[in-house]
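>>> below are the sequence and a predicted model for it; my questions follow.
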Amino acid sequence: MEKAYFNWSSGKDSALALCRALASKEYDIQTLFTVARPDGVSMHETGLPLLRRQAEATDIPLTVLLFDPDQPEAYSQTMAAQMEQFRAQGITTALFGDIYLEELRQKREENCRQAGMQAAFPLWQVPQQELLAEFLRLGFRAVTTCVDGAVLGEDFVGRELDAAFFAALPEDVDPCGERGEYHSFVYDGPIFAHPVPFTRKGTYSRDFSGVRYWYAALE
């Protein structure tokens, strides 16, 4: 088994990719790795306490790299140091939950190459409807934490990712949200020893470049 770290976002695709990686028996996953601001994961808006609860429920250690968006040079140095630490632990593979965005995959592969590692993508090119059916069949449960207001209404935020949610998505929206239409927080499923406790605290919005994004406040 190859020693690996898993790039953990807290959402649906991460959870399913982790499930597939564990089931494959190809990887000895040493840690869940998340790059986050001090207040949580960008766009997902998942706070650090929720990330820690998810990791505890998977029984896989969590590594968080905190960054300041206003200091990109410091981020690069910190990331390089973290990769060096991973290599010292014998980790050779970085696992990702991406599905089909080729440019993003190439960027990740190049970053891994420069860090002396290889990248692996357990969900790559699997049809979206097949992934959604697998997600539901395995008993995963999740809620949306962010929706892009340019393509989805406020009523889609904070909703359960169930069959009714996917059926309600407009036809021009990627059902897996691969283009950022929505982000999620997974709180139950086969990768967890128990459901991850959380509380819904309402919704709020932020505007970026003239587009409104709706968020679910979870604690």
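Thanks, I have it. This structure is a prediction, so every number in the text was calculated from the model and none was measured.

>>> so which residues of the protein form strands?
All strands of the chain, identified by DSSP state E, fall at 2-7, 27-36, 62-66, 93-95, 118-120, 141-148, 182-188, 200-208, 211-218.

>>> dump those into a markdown table; add distance to Met79, mean neighbour count and mean pLDDT as well.
C-betas here are computed from N, CA, C, even on glycine. Output for the strands of the chain, formatted as a markdown table (distance: least, C-beta to C-beta, whole Å; neighbours: other C-beta atoms under 10 Å; pLDDT from 0 to 100):
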| stretch | distance to Met79 | mean neighbour count | mean pLDDT |
| --- | --- | --- | --- |
| strand 2-7 | 12 | 20 | 98 |
| strand 27-36 | 8 | 20 | 96 |
| strand 62-66 | 7 | 16 | 94 |
| strand 93-95 | 12 | 22 | 98 |
| strand 118-120 | 15 | 18 | 98 |
| strand 141-148 | 24 | 24 | 97 |
| strand 182-188 | 22 | 25 | 97 |
| strand 200-208 | 24 | 11 | 93 |
| strand 211-218 | 26 | 18 | 95 |
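
>>> just send the ones you listed back as CSV, with distance to Gln82 too.
Conversion of the strands of the chain to CSV gives the following (distance: least, C-beta to C-beta, whole Å):
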stretch, distance to Gln82
strand 2-7, 9
strand 27-36, 8
strand 62-66, 6
strand 93-95, 11
strand 118-120, 16
strand 141-148, 25
strand 182-188, 23
strand 200-208, 27
strand 211-218, 26
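
>>> residue nearest the centroid of this structure?
Nearest residue to the geometric centre of the chain (C-alpha atoms, centre = their mean): Ser9, 2.4 Å.

>>> look at that residue and report its pLDDT.
Ser9 carries a pLDDT value of 94.

>>> give me the phi and psi for it.
Backbone torsions of Ser9, given as degrees, to the nearest 10, read phi -100, psi -20.

>>> separation between it and His183?
From Ser9 across to His183, the span is 8 Å (C-beta to C-beta, to the nearest Å).

>>> what's the answer for Val35, then?
Val35 is 15 Å from His183, by C-beta to C-beta.

>>> what of Arg200?
Taken as C-beta to C-beta, the span from Arg200 to His183 is 15 Å.

>>> tell me the gap between the helix or strand of the chain with the lowest mean pLDDT and the middle of its chain.
Ranking every helix and strand in the chain by mean pLDDT, DSSP states H and E puts helix 72-88 at the bottom, with a mean of 90. Chain-centre distance of helix 72-88: 20 Å, with C-alpha atoms, centre = their mean, to the nearest Å.

>>> how about that helix: buried residues?
75, 78, 82-83, 86 (16 or more other C-beta atoms under 10 Å).

>>> now these as CSV including distance to Leu22?
Conversion of the buried residues of helix 72-88 to CSV gives the following (distance: C-beta to C-beta, whole Å):
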residue, distance to Leu22
Tyr75, 29
Thr78, 28
Gln82, 23
Met83, 23
Phe86, 19
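
>>> of those, closest to Gly153?
Using C-beta to C-beta, Tyr75 is the member of the buried residues of helix 72-88 that sits closest to Gly153, with 34.0 Å.

>>> contacts only, for that closest one.
67-68 (C-beta atoms under 8 Å, 6 or more residues apart in numbering).
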